[in-house]
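Chemist: Test case, fold it:
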Amino acid sequence: MGVLLLAVASFLARFEDWRSYAPVGSSGGYGYAESNTQTHEKPAGIIRWITTVDHKDIGLLYGTFGLLSFAWGGISVLLMRIELFTPSGDFLSANMYNSLMTTHGITMLFLFGTPIIAAFANYFMPLLIGADDVAFPRLNAVAFWLLPPGAILIWIGFPLFMFGGIQPSQTSWTMYTPLASCGQSAVAAGATCQAQASPAVDMMLLGLHLSGIATTLGAINMIATIFTERGDDIGWPELDIFSWTILTQSGLILFAFPLLGSAIIMMLLDRNFGTTFFAADGGGAMLWQNLFWFFGHPEVYILILPPMGLISLILPKFSGRKLFGFKFVVYSTLAIGVLSFGVWAHHMFSTGMDPRLRASFMAVSMAIAIPSAVKTFNWITTMWNGRLRLTAPMLFCIGFVSNFIIGGVTGVFLAAIPVDLVLTDTYYVVGHFHYIVMGAIGTAVFAGIYYWFPVISGKMYNKTLAHWHFWLTMIGTNVTFFAMLFLGYGGMPRRYATYLPQFTTWHQITTIGAFILGIGQLLFVWNLAQSWLDGPVAPDDPWNLGEDGMLSKEWTWFAKKRETALTDGGEDEGTPAAEE
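Modeler: Predicted structure coming up:
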């Protein structure tokens, strides 16, 4: 890998025109006024998508990749829920259950959550700040195209199992040692861990490393774009709230993901070359937990901050008034970014750490709830006495706020040491985490997709199907994850394929809720596909935002794009405003 990187760097240094990395008509922040490169019309078909450096095209690629990953992550968890419908189900073997649990967690966090946010950031952030493109368009394309091979490496254990009998990874998404660090070198030394010595684990670790590199490259691009490519009328006070959250998220990525990459390299060395970074006579299993969670908890905020930005951007549009306390929302975003690196050890309260350290982490874990509460207060106050319009994007914004409150409050309980010692590693933790990841992040993503669907496709979606999608999503989310909270209070441990009969009722309720949630997503996919192909043409201002003076730059760009199409011979189908 090192030789390959050196070869690529040598090629770029000798043959590439670095000035061409700046967007057309832009200095790229480096003072290059001219370049010998020429622009050409985009090619058609598959060549366009393989070679594109347009931020909008790459945003669509990220979105497609994220939704495909979302589908696989959802299918894997539905298979797990079928197994858990009865106490001793025989639908899946224990090994296959563990494999699906591992791929579900990693897929949803690294291959759905981060890429779907990158889709919004790539497509709309340059439009919102008045930039021609991102600061480094080709680097932007490289960052995306590292993801598909990373996903293949993460998922390859399943085809290898089907056709080669090689066990998929069964480490869970946290990859705790010594389970995950037991590789071929340990087996050669006489250890009995053949299942975890599978090469599928090594490939999964390499895939994770590749996805981390891609995410880091994307973060560098976002920071450079916001700092150097803003329009002349966009100073820091005028920067929109979504771009603020992307900037903060990108800063977190720069500090968190390289640490995960370093830990993964140490894990690979332990597995294959007999090093002792995480061995009992070396750094020990606790070293992995500290390194992983120093990345892992900022990762939660890497995932949740941009959705908070989406809600802060969209919710005021359908409340008929500006976001209440804009500056406080920005300050709370920055506060979360700073505090997120001081709470990692609340995942480790039960590991025997020094009680004085536990108390300090408990204090910071509770303190970080304050800026989140500030945001929640501002969202509710924005709606208070507003002229609410319950369109599909607004419904999902309200769903986000309600789910985020439940997920946040249950998290505050886990921040308290006495409560955490009782509930750690139970389904209560699973319920809390999924209220944030699916209940909040998922609903914010749906709000963003419905809000900007006319800009992306030029079409309007089916209102009735969108509302059905909302209600099935909200019902499924709360039935599924609220039941998990009761399972946790009853003492049901997480990550088990079998359980005692006393937990049967709540597990069955959870499974029913999961399938309700799944049916809602099928309606979502059908609505998007059908509307994209055959939906009514959207007007320039489909949400009538101009009435309240709420039109932002991306809608202005959308209208100008329409005018250009008409000038070039496009047809105006003259559909009326499609506000719900």
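
Chemist: Can you give me every residue that contacts Met474?
Modeler: 399, 403, 443 (Cβ atoms under 8 Å, 6 or more residues apart in numbering). Bear in mind the C-beta positions are built from the backbone N, C-alpha and C, glycine included.

Chemist: what about the last one, helix or strand, and which?
Modeler: When secondary structure is defined by DSSP states H and E, Thr443 falls within helix 443-457.

Chemist: what helices or strands is that helix leaning on?
Modeler: helix 114-129, helix 285-314, helix 392-415, helix 463-490, helix 504-534, helix 553-567 (3 or more Cβ pairs under 8 Å, 6 or more residues apart in numbering; DSSP states H and E).

Chemist: So which of the contacts of Met474 wins on neighbours?
Modeler: The residue in the contacts of Met474 with the most neighbours, by other Cβ atoms under 10 Å, is Thr443 (27 neighbours).

Chemist: Quickly note the distance from that residue to Val329.
Modeler: Separation of Thr443 from Val329 (Cβ to Cβ, to the nearest Å): 18 Å.

Chemist: same question, Met267
Modeler: Distance from Met267 to Val329, by Cβ to Cβ: 38 Å.

Chemist: Out of those two, name the residue with the larger neighbour count.
Modeler: Neighbours per residue, other Cβ under 10 Å: of Met267 and Val329, the larger number sits with Met267, 27 against 23.

Chemist: and that one, what does it touch?
Modeler: Counting by Cβ under 8 Å, 6+ apart, the residues that Met267 touches are 175, 177, 180-181, 205, 277-278, 288.

Chemist: Any chance of those in CSV with secondary structure and pLDDT as columns?
Modeler: What follows is those, written out as CSV (DSSP: H, G, I helix; E, B strand; the rest coil; pLDDT from 0 to 100):
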residue, secondary structure, pLDDT
Met175, coil, 93
Thr177, coil, 89
Ala180, coil, 88
Ser181, coil, 85
Leu205, helix, 96
Phe277, coil, 92
Phe278, coil, 91
Trp288, helix, 95
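
Chemist: Export those residues to TSV and append columns for neighbour count and distance to Trp155.
Modeler: Putting the contacts of Met267 into TSV (neighbours: other Cβ atoms under 10 Å; distance: Cβ to Cβ, whole Å) gives the following:
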residue	neighbour count	distance to Trp155
Met175	22	16
Thr177	26	23
Ala180	25	17
Ser181	28	22
Leu205	23	13
Phe277	18	26
Phe278	26	25
Trp288	23	23
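
Chemist: of those residues, closest to Val537?
Modeler: Leu205 (47.5 Å; Cβ to Cβ).

Chemist: Skipping its backbone neighbours, what lies nearest that closest one in space?
Modeler: Spatial nearest neighbour of Leu205, excluding adjacent residues (Cβ to Cβ, 6 or more residues apart in numbering): Ile264 at 5.2 Å.

Chemist: what's the one you found in contact with, if anything?
Modeler: Ile264 neighbours (Cβ under 8 Å, 6+ apart): 205, 208-209, 212.

Chemist: tell me which of those is nearest to Pro307?
Modeler: The closest of those, once distances to Pro307 are taken by Cβ to Cβ, is Gly212, at 20.6 Å.

Chemist: ok, the contacts of Met474 vs Ala483, which is closest?
Modeler: Using Cβ to Cβ, those come closest to Ala483 at Asn403, 14.7 Å.

Chemist: now that closest one: how far from Phe453?
Modeler: In this view, Asn403 and Phe453 are 22 Å apart by Cβ to Cβ.

Chemist: May I see the buried residues of the strand or helix carrying Gly218?
Modeler: Using DSSP H and E, Gly218 maps to helix 199-228. By 16 or more other Cβ atoms under 10 Å, the buried positions in helix 199-228 come out as 199-226.

Chemist: Surely Lys42 and Thr52 touch.
Modeler: Yes - using Cβ atoms under 8 Å, Lys42 makes contact with Thr52 at a distance of 7.0 Å.

Chemist: excluding its backbone neighbours, what's nearest the most centrally placed residue in the chain?
Modeler: Taking Cα atoms, centre = their mean as the criterion, Gly113 is the residue nearest the geometric centre of the chain, at 1.7 Å. Closest residue to Gly113 apart from its sequence neighbours, by Cβ to Cβ, 6+ apart: Leu303 at 4.6 Å.

Chemist: and the one you found, what pLDDT?
Modeler: At Leu303, the predicted lDDT confidence score is 96.

Chemist: One more: the one 5 residues further on?
Modeler: The pLDDT attached to Met308 in the predicted structure is 97.

Chemist: can you check the one 4 residues further on too?
Modeler: In this model, Ser312 is scored at 97, pLDDT.

Chemist: Adjust the sequence numbering to begin at 5 for everything that follows.
Modeler: Happy to do that; since the first residue is 5 now, the last one works out to Ser316.

Chemist: Any idea how many residues pack against the nearest residue to Phe162 once chain neighbours are set aside?
Modeler: In space, and not counting its chain neighbours, Phe162 is closest to Pro172: 5.5 Å by Cβ to Cβ, 6+ apart. Other residues near Pro172 number 26, with proximity taken as other Cβ under 10 Å.

Chemist: Please determine how far Pro172 is located from Gln506.
Modeler: Using Cβ to Cβ, Pro172 is found at 31 Å from Gln506.

Chemist: what's the answer for Ile409, then?
Modeler: 30 Å.

Chemist: These two: who's more crowded?
Modeler: Ile409 (17 against 11).

Chemist: how about the nearest residue to the more buried one, chain neighbours excluded?
Modeler: Thr380 (6.3 Å).

Chemist: which ones are touching the one you found?
Modeler: 405, 408-409, 412.

Chemist: Dump those residues to JSON lines, plus distance to Leu132.
Modeler: Shown next, in JSON lines, are the contacts of Thr380 (distance: Cβ to Cβ, whole Å):
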{"residue": "Val405", "distance to Leu132": "22"}
{"residue": "Phe408", "distance to Leu132": "23"}
{"residue": "Ile409", "distance to Leu132": "27"}
{"residue": "Gly412", "distance to Leu132": "27"}
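
Chemist: element containing the residue nearest to Leu209?
Modeler: Using DSSP H and E, Ile268 falls in helix 245-277.

Chemist: Report the inter-axis angle for that helix versus helix 447-461.
Modeler: 110 degrees (axes from the mean of the first three to the mean of the last three Cα atoms, to 10 degrees).

Chemist: list the buried ones in helix 245-277?
Modeler: 245-257, 260-261, 263-265, 267-268, 270-275.
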